[in-house]
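Student: the following comprises the amino acid sequence and a computationally predicted model.
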Amino acid sequence: MSQRLRHLTTLEHLPRETIERLLDRAETMRDGCAHGTRKLDLLSGRTILNLFFEPSTRTRTSFELAARRLGADVINFDIGFSSTSKGEALFDTLHTLEAMHLDAIVVRHKVSGTPEELVRHAMSGVSVINAGDGNRAHPTQGLLDMLTIRQHRPDFSRLTVVICGDVKHSRVARSDVHALTALGAKEIRLCSPQALMPSADEFPQCVITDDFDAAIEGADAVIMLRLQKERMAVTDLPDEAAYFTRYGLDNRRLERASKGALVMHPGPINRGIEIASEVADGPQSRILEQVGNGVFVRMAVLAEVLGR
Amino acid sequence: MSQRLRHLTTLEHLPRETIERLLDRAETMRDGCAHGTRKLDLLSGRTILNLFFEPSTRTRTSFELAARRLGADVINFDIGFSSTSKGEALFDTLHTLEAMHLDAIVVRHKVSGTPEELVRHAMSGVSVINAGDGNRAHPTQGLLDMLTIRQHRPDFSRLTVVICGDVKHSRVARSDVHALTALGAKEIRLCSPQALMPSADEFPQCVITDDFDAAIEGADAVIMLRLQKERMAVTDLPDEAAYFTRYGLDNRRLERASKGALVMHPGPINRGIEIASEVADGPQSRILEQVGNGVFVRMAVLAEVLGR
Amino acid sequence: MSQRLRHLTTLEHLPRETIERLLDRAETMRDGCAHGTRKLDLLSGRTILNLFFEPSTRTRTSFELAARRLGADVINFDIGFSSTSKGEALFDTLHTLEAMHLDAIVVRHKVSGTPEELVRHAMSGVSVINAGDGNRAHPTQGLLDMLTIRQHRPDFSRLTVVICGDVKHSRVARSDVHALTALGAKEIRLCSPQALMPSADEFPQCVITDDFDAAIEGADAVIMLRLQKERMAVTDLPDEAAYFTRYGLDNRRLERASKGALVMHPGPINRGIEIASEVADGPQSRILEQVGNGVFVRMAVLAEVLGR
C-alpha cells in the first residue's frame, strides 16, 4: 500500500494507487453522507485553518463544509489580500499559526510554490493542503474531476479528454493532466488560442492544438476552463463573441465529441464566453456533480492527511 | 393542521394557524433555552448557509445564533456586496450551493422577489428563508414583532397598531401588516410623510395618514421605523429636528397612545430622529425584547422548514 | 481564595493570587490539551462573541481557538471598522447583543476604557473580556507574557525585565507592568526614545531610560515592542537603520543581558527594525511559546469568567 500523505500540495508524481485510494475514500464519504449519517466524527477535536491569500468563496466554502462534516473545527484566517504576505512575513504567519496548535492549514496563494514552501518551513506536525497556488496546482480540483469522470467512465485506459481554454495560466489544467497521466488516460488534448498555449516541453504527454473542432472530435470528456477577461486581450480574438465562435462549447460542437461525452467546468462559468447555456444546463453537463464531488474529495483528503 | 412550510419567503397569504404555530414554537424554543438546556439538538448534522447580498450584521448574527442553538452548522457565504449577482449568475451560485448538499439558505438581497426566484430555480431539497428582500418582505421580523406583541397583548382582535416612518420603502412594515391582518388585528394605521406614504391600493385594510398625533391616539402598539438618512431629502421637512417634531416619538406624544402601549422598533434606532432616548430606554420600550424574540422566532422557522 | 472574576478588562489592581490562579489554570488547560484530550467541554452550549472594532486576525483567532477548545460556540461580529461606533451607538450595539443571550463579549476598540464602559452599561449577565483597548490594556497579552516568563523563571522576586520600544503608546507594556508589579518582579525597566517615553508619574515603580545598552544589562527577560512605522517620524532617528542601531535587539546587544535571558515580542515582528532575525529565530526566542501560551491563557480566562 502506498504511504499515507502528510500534505497535499500537488498531484504531480503522485503514484496511481495514492490517487485511487483518495478517490475510493471520497466514494466512502459520499456513501456515508448519503446513508443518513449526516456527520462523521473522524476529525472531532481537530482544527483546520483556511488561509486564503486570494479570495475564493466557493473553494473555501467547500473545504469548510468538508471539515465540518468530519466533525472538525474550522477557522477562517482572513489575511489582507492586498498585503504582500511574502518571504519571511509569510513564514512568520505560518509559525504563529503552528504555535496555536492547528492540525491542518488549507492555503491558497497567487504565488506558485507557496504550499511547498510552507511544508519546508513548517516546524510542527501541521499538514498543508493546497487550495490553489498561482498557475501551478489545484490538486483537490484535479481529484474531484477524476472522481466525476470515474463515476461515468471507470476505464481511464479508454479515455480521451480535451481541456480547452486558457491552459497556459490554469492550475486546474495542470492538476488534471497530472492526475489523468497517473491514471493512464489514453489521450489528453490541450486546446487554446496560440497566446494562451502552454509550452510543449511542459506537456510532452499531451496533444496541443489551437483547433477546438479537431480537438473535441471523439473526446469522452470535455473540460472547459474559465476565461479570465483580462486575458481576452492577448488572444487576437476581437471580442467575446469571436472567442466563443472559436473556443466556446455549444451543442453543435459538442456533437463532435463521443456519444454522451462528459461536459465539465471548474466554475464559476462565463455563459456565452467559453460555454453556451444550452450545454452548461444540458443533459451532458457534469458541472454540478463536480461541485458535489468536491466536498467528498476534500473530506477524503482531510481524513487522509489527519488520519491517525 | 396547516401544512408544514418548506420555505419562508413572505408572510403574505400565510394562514393564521401557520403563523400561530410558528409563534407557539418560538415560545417552546424560549422555554427550552430558559430551562438550563442551552442547546437543543434538533438540527444536529444540518448545514445552514447565510447568503447575504446586503450587509446586515444584526440579522445575520441572529440567524447564526438560532442555527447554532439547534445544533446546526452555519456557513457564512460572503458574496461581494458590490457584484451585481443578478439573473443567471445568481442561479449559478444557488445551484453551486445546492450541489454542496446544504439544508437551508438564508438569503438577503436588495432586489424584491429574490427569495421566490431562488425557490423557483432550486433543484434539490434546499429550503429558502428570506432575511429581507428589497422593500417587500422581512418575514422573521414580522414574526418576532407578533411574538413580542402577543406576549403583552394576547388578544389581537382588540389591538390597534400604528406603524410610523418610511412605510413606502419598508419591508418590515409590509411583513407586519401581513401578519397583523392574518392574526385579525382590530385596526392597523400607517403614518408617514406624504412622500414616503405607500399607495392606498396596496394596503386597503389600513388607515393611512400623515398626522402622527392623530394616528397614535389610543394605539396599543407603536412600531417606529428607521429613517434612512438619504430618504430625509424627499420628506419636505428641512432637517432631522423638523422630522422629529412631526414624526418622532417622545414621551409627550406617547401619552396619546393607550396606557402602557408597546413601543417597538426593528433597530438599529436613530436616537433623536425617529425616536427619543427617553422612549427608547423607557419602561414601555420592547425593543430589546424584540431582539431576544428574534433568535427564538428564527429557531422556530429553521425547525419548521428543516423538521423531519 | 480571591473572588472569581466576572469580567477581565485590565490587570491593574488585580491581586497577585488572582493572576496566579489564572496562570495555574492556563497550565491546566495546557496539560489537558497535551494529554490527548483535544477538546474540553467546560463551556459547551455557551456562546462567545468576538466584537472587534480594530482589525486583529491573530488575537481574534487565538480567542476563537480558545473558545472552540472549550466547546463554546463563537460568533464573529464584524463591525465596520470605519464606523464611529462611539457613545450611544456602541451601547445600543451592546444591548442588542446582550438581548441575543450571549455569554461573553471579547472586545477590541481603539478608544481606551471601552471595555469598562461596556461593563458599566451591560444590563444582563454578559461577561466582557478586553482584547485590547487604545493605549491602555491588553490583559490576556500580559497574562501570556507572565506565563511564558514563569515557565522559565518561576521566581519573580529575582527577575529583572526590560521592555523596549514605543512604551508610551503600548497597551502591552502597560499590562505587562501591571502584572509584573503584582507578581513582585525585582526590577522593571522601560526603554524608549525620548519621544515615545511614558511619563514617570504613570510608572513610579519602573526605571525609565532611553539607553537600551544600559537597560538590557543583566536583564532576565527582554520584551521588545512592535514599532508602528507612523511613530518612527517622531523619534529623531532618521530611518529604520538608525532606530535599529539604538533600539534594535541583535545578538551583540543580547549578550549584555543575563545568561539565557528570555527574548519576547507580542508580534507580529518587524525584522531588522526592532529585532534582528538572528535573535527572533535564535535559541533564546520565546516568541512562538508566547503564541501557544496565548491560547491556553485565553481558555483560562474564558473558563474563569464563564465558570459556574
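Tutor: Thanks, I have it.

Student: contacts, neighbours, all on C-alpha from now
Tutor: Will do.

Student: and the strands in the stretch 101-250 of chain A?
Tutor: Assignment of strands within the stretch 101-250 of chain A using DSSP state E, counting those that start in this stretch yields the ranges A:104-109, A:127-133, A:160-164, A:187-191, A:207-209, A:221-224.

Student: tell me the buried residues in the second one?
Tutor: This points to strand A:127-133. Within strand A:127-133, the residues scored as buried using 16 or more other CA atoms under 10 Å in any protein chain shown are A:Ser127, A:Val128, A:Ile129, A:Asn130, A:Ala131, A:Gly132, A:Asp133.

Student: name the residues that touch that strand?
Tutor: For strand A:127-133, contacts defined as CA atoms under 8 Å, 6 or more residues apart in numbering or on different chains pick out A:6-10, A:59, A:103-115, A:118-119, A:137-140, A:171, A:305-306.

Student: next one: it to chain centre, how far?
Tutor: The chain centroid and the centroid of strand A:127-133 are separated by 11 Å, computed with CA atoms, centre = their mean, to the nearest Å.

Student: just stretch A:228-246 next, same as before
Tutor: Distance, stretch centre to chain centre, for stretch A:228-246: 24 Å (CA atoms, centre = their mean).

Student: if we can go back for a sec, and the strands of the stretch 101-250 of chain A as TSV, adding mean pLDDT?
Tutor: Below are the strands of the stretch 101-250 of chain A laid out as TSV (pLDDT from 0 to 100):
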stretch	mean pLDDT
strand A:104-109	96
strand A:127-133	97
strand A:160-164	98
strand A:187-191	98
strand A:207-209	98
strand A:221-224	98
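
Student: can you tell me how far the residue of the stretch 201-308 of chain A found nearest chain C sits from A:Ala200?
Tutor: Minimum separation of the stretch 201-308 of chain A from chain C (CA to the nearest CA) falls at A:Arg308, amounting to 12.4 Å. Going from A:Arg308 to A:Ala200 by CA to CA, to the nearest Å gives 42 Å.

Student: and A:Cys191, by the same measure?
Tutor: To A:Ala200, A:Cys191 is 12 Å away according to CA to CA.

Student: common neighbours of those two, please.
Tutor: Residues touching both A:Cys191 and A:Ala200 by CA under 8 Å, 6+ apart: A:Ile208.

Student: from the contacts of strand A:127-133, which land in helices?
Tutor: Of the contacts of strand A:127-133, the ones assigned to helices by DSSP state H are A:Thr59, A:Thr114, A:Pro115, A:Leu118, A:Val119, A:Pro139, A:Thr140, A:Arg171, A:Val305, A:Leu306.

Student: pLDDT wise, what is A:Asp176 at?
Tutor: Looking at A:Asp176, its pLDDT is 98.

Student: swap that for A:Ala34, sorry
Tutor: Looking at A:Ala34, its pLDDT stands at 71.

Student: re earlier: which one of A:Cys191 and A:Ala200 is surrounded by more residues?
Tutor: Remark: of A:Cys191 and A:Ala200, A:Cys191 carries more neighbours, 27 against 11, as counted by other CA atoms under 10 Å in any protein chain shown.

Student: for that one, what are its contacts?
Tutor: A:Cys191 is in contact with A:Val162, A:Ile163, A:Cys164, A:Gly165, A:Val167, A:Met197, A:Ile208, A:Thr209, A:Asp210, A:Asp211, A:Phe212, A:Ala215, counting by CA under 8 Å, 6+ apart.

Student: the second one: neighbour count?
Tutor: Which is A:Ile163. Other residues near A:Ile163 come to 27 when the count uses other CA under 10 Å.
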